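Colleague: Here is my input, please return the structure:
(one chain, ligands or ions: 2)
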Amino acid sequence: MIELLDVKKRLGDRQILDGLTVEVQKGLNYVLMGPSGTGKSVTLKHVIGILRPDSGTVRVDGKDVPSMNQDELMALRKRMGYLFQNGALINWLSVFDNVALPLREHSRVKKSELDDRVHEVLALVGMDHAADQFPPSISGGMKLRAGLARALVTRPEYVLYDEPNAGLDPIISQQIHELIAEVRDTLHVTGLVVTHSRACATQCGDRIGVIKGGRIVVEGTVDEMIHSDHELAKAFLGEGSD
Ligand SMILES: Nc1ncnc2c1ncn2[C@@H]1O[C@H](COP(=O)(O)OP(=O)(O)OP(=O)(O)O)[C@@H](O)[C@H]1O
Ligand SMILES: [Mg+2]
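Modeller: Ligands and ions are numbered 1, 2, ... in the order given. The predicted structure is shown next:
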């Protein structure tokens, strides 16, 4: 379980998080929505310990993240995949080598096992045929799939998805949402998904929270949120939004 409790964080002269509380239950996808610049990516960075809160609590499976030492943070990041916007692949490495990167960084895996693990996750996201291609020559959807494979290659218990469908057309987006739901259902990965998209939230989410002014202003199950009268639930999840 990921817990952020009453988290406050100032960056520069702005109070970005101001009493943020989010609980991500094991086995579920929690979707974080909210206007641009409201601290969604900042929230994800607290979960993997890149940023530390000024006050409040950040815990993963009961362990306090801000007080972890470097070794503990490395161990945490092994258990936590991070899907960056647009996949954030390294252009001069092949898809295979991009996906292999976390295994080469974090663990001593034998070459034969590394090959197997990389091909296994590439097959899972439907990218095994493109293992030898380089990022500049593949489409946005393929980059995102490769980014997802890289996030999954360490067999994490958690994946943080930062706008997994930004810049993708609706059909490719839907495939990505289905993949995120499949990752939850077949690999039992717990997800924290940041998105602006109603389709993403409803197709792969379990709970949805909307952040504004540095805190969650409305939260509930997908069904509750779709039917909520709250102005921001309507803005992000109502008919005609997306
Ligand atoms: N390291 C930093 N130093 C100073 N300000 C920062 C830092 N990181 C983020 N910010 C500021 O914090 C605010 C929230 O940033 P964040 O990236 O979390 O927004 P977001 O909700 O993810 O927005 P978007 O939907 O556009 O991605 C922004 O105003 C940003 O400029
Ligand atoms: Mg962001």
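
Colleague: packing partners for the biggest helix by length in the chain?
Modeller: For the chain, the helix that runs over the most residues, judged by DSSP state H, is helix 170-187. On a contact count with 3 or more CB pairs under 8 Å, 6 or more residues apart in numbering; DSSP states H and E, helix 170-187 meets strand 29-33, helix 140-152, strand 190-194, helix 198-204. C-beta here means a position set from N, CA and C on the backbone, and glycine is covered the same way.

Colleague: buried set for it?
Modeller: By 16 or more other CB atoms under 10 Å, the buried positions in helix 170-187 come out as 172-177, 179-181, 183-184.

Colleague: how about those residues, which pair is most distant?
Modeller: I172 and R184 (19.4 Å; CB to CB).

Colleague: So which residues on this structure come close to ligand 1?
Modeller: Taking CB under 6 Å from any ligand atom as the criterion, the chain approaches ligand 1 at residues 11-12, 16, 34, 36-42.

Colleague: so can I have CSV of those residues showing secondary structure and neighbour count?
Modeller: As requested, the residues of the chain next to ligand 1 are exported to CSV (DSSP: H, G, I helix; E, B strand; the rest coil; neighbours: other CB atoms under 10 Å):
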residue, secondary structure, neighbour count
L11, strand, 12
G12, coil, 5
I16, strand, 19
G34, coil, 22
S36, coil, 6
G37, coil, 10
T38, coil, 20
G39, coil, 25
K40, helix, 21
S41, helix, 16
V42, helix, 19
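
Colleague: farthest-separated two in those?
Modeller: Farthest pair in those (CB to CB) is G12 and G34. Separation: 19.0 Å.

Colleague: List every C-alpha atom in the longest helix of the chain, with coordinates, as CSV.
Modeller: Written as CSV, here are the backbone C-alpha positions of helix 170-187 (Å, rounded to 0.1, in the frame of the first residue of the first chain):
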residue,chain,number,x,y,z
PRO,A,170,-7.8,7.5,-29.0
ILE,A,171,-7.3,4.0,-30.4
ILE,A,172,-3.7,3.7,-29.3
SER,A,173,-4.6,5.3,-25.9
GLN,A,174,-7.3,2.6,-25.4
GLN,A,175,-4.7,-0.1,-26.0
ILE,A,176,-2.5,1.4,-23.4
HIS,A,177,-5.4,1.6,-20.9
GLU,A,178,-6.2,-2.0,-21.5
LEU,A,179,-2.5,-2.9,-20.9
ILE,A,180,-2.5,-1.0,-17.6
ALA,A,181,-5.6,-2.9,-16.5
GLU,A,182,-4.1,-6.1,-17.7
VAL,A,183,-0.9,-5.4,-15.7
ARG,A,184,-3.0,-5.0,-12.6
ASP,A,185,-5.1,-8.1,-13.3
THR,A,186,-2.4,-10.6,-14.5
LEU,A,187,0.7,-9.3,-12.8
